[in-house]
Structures are given as C-alpha cells and as structure tokens.
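1. I would like to see how this sequence folds:
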Amino acid sequence: MTTEVNYGVVLRNGTWTIIGAGLNFGAYKTRVIAERAARRLASLSGGLPVQLHVQDESGELRPPVSL
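-> Numbers count the residues shown, from 1 in each chain. Okay, here's the model as predicted:
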C-alpha cells in the first residue's frame, strides 16, 4: 500500500514535465509553471503525504519539499 506520493518536476527535451510513479505529465514552458501544476496535482492526493522533488535550471535535483 502506498503511504506517500512523490512527484518530480524535471527538464526533458526543452520542456518541464511532472513525473511520478506511472506518471509522465505535461510539457510546460517554465519550471515555475510546472511546479505550480505539480502543487495543484498534489492537492488531489486524497490526504496522502506528498514529496515534491524539483530539478533546477542547472540540472541539479533540489531536496524534496513536503506538501
């Protein structure tokens, strides 16, 4: 049983995408727009804790944020 949801915002082929277990969603122009969309998606987690992992523009993955 899943007790936590993990989403990531990563740069792929020049666009920002939201990824997760079995999820590859969207093609956003900026990281900020993709991160906002991921936060909205996280709000629909049904009460499960959510960890958001965001890649910065240099390609580094920042520490996850609990939502």
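2. Is A27 within a helix or a strand, and which one?
-> strand 23-28 (DSSP states H and E).
3. what about the following helix or strand past that strand, distance to the chain center?
-> Downstream of strand 23-28, the next assigned helix or strand under DSSP H and E is helix 31-42. Centre-to-centre, helix 31-42 and its host chain are 7 Å apart (CA atoms, centre = their mean, to the nearest Å).
4. okay, the angle between helix 31-42 and strand 23-28?
-> Counting by axes from the mean of the first three to the mean of the last three CA atoms, to 10 degrees, helix 31-42 lies at 140 degrees to strand 23-28.
5. so the residue nearest the centre of the chain, which of the three states?
-> Against the mean C-alpha coordinate of the chain, by CA atoms, centre = their mean, the closest residue is G8 at 3.1 Å. At G8 the chain is in strand, as set by DSSP: H, G, I helix; E, B strand; the rest coil.
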